[in-house]
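# Predicted model, plus sequence, below.
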Amino acid sequence: MKSKILFVCIHNSARSQMAEAFVNRLCPDRFEAHSAGLEPGKLNPIVVEAMSEIGIDISANQTKSVFDISRSGQLFSRIVTVCDEASAERCPVFIGVGQRLHWGFPDPSACDGSHEERLQRTREIRDAIRARIEAWCGEMCACAAS
């Protein structure tokens, strides 16, 4: 049976969406990933573009509220907050069963500059999230094989 994991951030518009997509792509047999935000916003179009560049289409994703997920009664084996360190105190606490982890990443919506500069910084954040997910999935699958 798959373990359910929830990635949580402030707006569910970037980091948590990327983390959800990577887990569902890299560990589909072991995990079922979801994402949500404290104050759901709109999906960040630069994030959609950056993910599309590597063959992952999140353009149809909707942002979701952590409160709606909590009210739905879904249980998660792990809750992972992905807010950057400066905003960590604003990251929501999801009440429920499961291990809580914090993997801090910068917020792509806070990137300044031209479109290309913001896209380049978003690529760096995307790649950092992917590397963290790859390492974590490798650890989790190695543990399961032992």
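Done, it's in.
# Grab the most central residue of the protein for me.
Nearest residue to the geometric centre of the chain (C-alpha atoms, centre = their mean): Ser16, 2.2 Å.
# Distance check, it against Ser114.
Distance, Ser16 to Ser114, using C-beta to C-beta, to the nearest Å: 26 Å. For the C-beta atoms, the positions are set from N, CA and C on the backbone; glycine is no exception.
# So Met18 is in contact with Val48, correct?
No. Assessed by C-beta atoms under 8 Å, Met18 is found out of contact with Val48, at 10.0 Å.
# Please enumerate the shared neighbours of the two.
Overlap of the contact sets of Met18 and Val48 (by C-beta atoms under 8 Å, 6 or more residues apart in numbering) consists of Ile58.
# check contacts around Asp112.
By C-beta under 8 Å, 6+ apart, the residues touching Asp112 are Arg118.
# Need the contact partners of the helix or strand harbouring the residue nearest to the centre of the chain.
Using DSSP states H and E, the element containing Ser16 is helix 15-26. Residues from elsewhere that reach helix 15-26, judged by C-beta under 8 Å, 6+ apart: 5, 7-9, 31-37, 43-44, 47, 51, 56, 58, 61, 63, 80, 82-83, 103, 105, 107-108, 125-126, 129-130, 133-134, 137.
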